[in-house]
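S.K.: okay, predicted coordinates and the sequence, questions at the end:
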Amino acid sequence: MGIVVQKYGGSSLADADAIKRVARRIVEVKKSGHDVVVAVSAMGDTTDDLLDLAAAVTPLPPARELDMLQSAGERISMALVAMAISDLGYTARSFTGSQAGVITDAQHGKAKIIDVTPGRVTQAIGEGHIVIVAGFQGVSQDTKEITTLGRGGSDTTAVALAAALEADVCEIYTDVDGVFTADPRIVPSARKLDRVSYEEMLELAACGAKILHLRCVEYGRRYGIPIHVRSSFSQLEGTWVVSDTGLQGPEETTMEQPIIAGVAHDRSEAKITVVGVPDKVGEAARIFEALADAQINLDMIVQNVSAAATSLTDISFTLPRTDGQVAMTALARIQAEVGYDKLLYDDKIGKVSLIGAGMRSHPGITSKFFAALASAGVNIGMISTSEIRISVVVDENAVDDAVRATHTAFDLDADEVEAVVYGGTGR
Ligand code: ADP
Ligand code: ASP
Ligand code: MG
């Protein structure tokens with residue numbers, strides 16, 4: 001029978017008992033006649049703990065050493081899972097990302113997988129072993145250094161392995177029963193989605209729904225790998241992330257897709273405002289060039305209409321908080337050249353997004369969204385839209401209220417509380 005690729009997240013591997021439980025699940029699949037390849041995350045909050053340790057040693061850890069440090073977390077769990085499997089009488093081989101052939105670009109902390117050459121994995125499978133691969137890490141083709149894929153990156157390791165091994169499906173095991181209409185930690189009445197399109201899942205992930213890593217969804221879509229998100233704590237069927245056409249089973253072809261897939265939130269961004277930019281051709285280009293050179297991914301961008309009297313304008317944009325320091329330094333360097341007044345930095349913001357493919361054909365979604373925010377007393381800072389998404393920036397403290405009000409306004413609440421959070425600290 002075919003290869004099954006699975007991924008277990010940190011909350012599913014929190015301690016020795018959890019590791020033994022996961023090992024039993026893995027062995028069950030092997031017993032049923034499949035070859036099994038498993039990507040694992042670091043145990044519990046290990047990655048956060050390691051990052052805290054680094055911060056306690058220095059405020060600015062070198063990126064290379066941070067990756068050496070963080071990649072150790074997954075190494076611990078891969079070895080322990082392999083040991084637990086051998087205790088059950090089956091053989092397992094653990095491999096680091098580098099050993100498993102996960103080749104990336106050279107960007108520490110946010111490396112992209114550019115190739116997977118799983119020679120050692122297929123050899124171990126051929127020898128009858130269960131294969132355990134450390135998620136979240138790879139090796140740079142250019143520099144030969146160990147890299148990490150960004151927070152939540154083990155999901156991407158799993159889907160990339162599934163694509164390289166031509167598996168039929170990639171199973172992502174986590175601490176909730178699937179993808180819900182909102183984070184169940186904030187909205188207990190959120191409903192589980194049985195199916196969601198890659199397209200909607202991409203927007204959900206990009207907007208902060210950390211249930212799946214964004215690049216894992218991109219990978220799944222590109223290689224046509226269905227992703228089954230489910231709980232490692234229950235036997236329930238989870239959520240299938242599939243192509244649009246996969247959403248229409250034979251009996252469902254006449255059914256309309258729901259208008260809204262869900263509400264996502266994100267507290268990982270910051271806002272920078274460049275105040276008093278001369279309203280001249282080329283100024284914005286210079287500012288964003290400096291940010292691009294510093295490898296910063298921007299999200300929303302807003303430029304105010306310039307005041308007639310001064311011909312000066314303000315440009316605001318959001319970016320990952322972790323890039324805040326680098327961005328401020330890069331912009332400070334070009335102050336004289338651009339001739340702006342000053343920079344403002346605000347990391348007390350949050351983003352709330354409403355996502356649904358049905359938005360394309362349904363007017364009035366924006367007004368309903370904004371009315372829900374207004375009735376919850378939430379002030380909107382910035383707005384951006386795509387074909388199937390509306391996002392707003394709000395005060396960090398208003399995020400939970402905004403998510404709940406929106407969820408209710410769009411009738412997404414389940415009649416009975418359905419969302420179970422089995423583990424994890426939500427960190
Ligand atoms: P793992 O350790 O398994 O990778 P994560 O903590 O990365 O788990 O992701 C699972 C968590 O994602 C859930 O516990 C939940 O709080 C959060 N989450 C955010 N948005 C959603 C959503 N729309 N549906 C389900 N879970 C969500
Ligand atoms: N351990 C890493 C993290 O906490 C990767 C992952 O869990 O997917 O982000
Ligand atoms: Mg995760």
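M.R.: Nice, thanks for sending it over. Numbering: from 1, shown residues only. Ligands and ions are numbered 1, 2, ... in the order given.
S.K.: may I see the buried residues of stretch 300-317?
M.R.: Under the neighbour-count criterion of 16 or more other C-beta atoms under 10 Å, stretch 300-317 has 300, 302, 306, 312, 313, 314, 315, 316, 317 buried. Just so you know, the C-beta spots here come from the backbone N, C-alpha and C atoms, and that holds for glycine as well.
S.K.: first to last residue in that stretch, what's the distance?
M.R.: 5 Å (C-alpha to C-alpha, to the nearest Å).
S.K.: now stretch 372-386
M.R.: With C-alpha to C-alpha, one end of stretch 372-386 sits 20 Å from the other.
S.K.: pull the distance from it to the chain's centre.
M.R.: 23 Å (C-alpha atoms, centre = their mean, to the nearest Å).
S.K.: for the buried residues of stretch 300-317, give me JSON lines that also has secondary structure.
M.R.: Formatted as JSON lines, the buried residues of stretch 300-317 follow (DSSP: H, G, I helix; E, B strand; the rest coil):
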{"residue": "300", "secondary structure": "coil"}
{"residue": "302", "secondary structure": "strand"}
{"residue": "306", "secondary structure": "coil"}
{"residue": "312", "secondary structure": "strand"}
{"residue": "313", "secondary structure": "strand"}
{"residue": "314", "secondary structure": "strand"}
{"residue": "315", "secondary structure": "strand"}
{"residue": "316", "secondary structure": "strand"}
{"residue": "317", "secondary structure": "strand"}
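S.K.: go through the residues you listed and name the one with the lowest pLDDT.
M.R.: Scanning those for pLDDT, the low point is residue 306. It has 75.
S.K.: any low-confidence regions in this structure?
M.R.: 1, 246-257, 417 (pLDDT under 70).
S.K.: would you pull up the residue in it closest to ligand 3?
M.R.: Among residues of the chain, the one nearest ligand 3 by C-beta to the ion turns out to be residue 152. It sits 4.1 Å away.
S.K.: OK, contacts around that residue?
M.R.: The neighbours of residue 152, taking C-beta atoms under 8 Å, 6 or more residues apart in numbering as the test, are 210, 212, 213.
S.K.: out of the residues you listed, which sit inside strands?
M.R.: Assignment to strands by DSSP state E places none of the contacts of residue 152 there.
S.K.: filter these down to the ones near ligand 1?
M.R.: residue 210 (C-beta under 6 Å from any ligand atom).
S.K.: re earlier: for the residue of the chain closest to ligand 3, helix, strand, or coil?
M.R.: Residue 152 - assigned by three-state DSSP - is coil.
S.K.: which strand or helix spans residue 404?
M.R.: helix 399-409 (DSSP states H and E).
S.K.: quick check: residues of the chain near ligand 1?
M.R.: 9-12, 41, 152, 174-176, 179-180, 182-185, 209-211, 262, 421, 424, 426.
S.K.: quick check: phi and psi at residue 213.
M.R.: phi -70, psi 140 (degrees, to the nearest 10).
S.K.: may I ask you to name the longest helix in this protein?
M.R.: Ranked by residue count, the top helix of the chain under DSSP state H comes out as helix 63-87.
S.K.: now it: buried residues?
M.R.: 66-67, 69-75, 77-78, 80-82, 84-85.
S.K.: tally of neighbours for the residue of the stretch 201-350 of the chain found nearest ligand 2?
M.R.: Residue nearest to ligand 2 within the stretch 201-350 of the chain (C-beta to the nearest ligand atom): residue 213, separated by 6.5 Å. Using other C-beta atoms under 10 Å, residue 213 is surrounded by 25 other residues.
S.K.: quick check: the residue of the chain most remote from its centre vs residue 279, distance?
M.R.: Each residue of the chain has a distance to the centre, and by C-alpha atoms, centre = their mean the biggest one is for residue 309: 44.4 Å. Per C-beta to C-beta, to the nearest Å, residue 309 is found 12 Å from residue 279.
S.K.: likewise for residue 174?
M.R.: Relative to residue 279, and taking C-beta to C-beta, residue 174 is found at 48 Å.
S.K.: show me which of the two is the more surrounded one.
M.R.: More neighbours surround residue 174 than the other of residue 174 and residue 279, with 27 against 16 (other C-beta under 10 Å).
S.K.: which one is the more buried one nearest to, not counting chain neighbours?
M.R.: residue 9 (4.7 Å; C-beta to C-beta, 6 or more residues apart in numbering).
S.K.: what does the stretch 101-250 of the chain have sitting close to ligand 3?
M.R.: residue 152 (C-beta under 5 Å from the ion).
S.K.: what residues are up against the residue nearest the centre of the chain?
M.R.: The chain has residue 213 as the residue nearest its centroid, 2.8 Å off, counting by C-alpha atoms, centre = their mean. By C-beta under 8 Å, 6+ apart, the contact set of residue 213 is 149, 150, 151, 152, 153, 154, 155, 156, 205.
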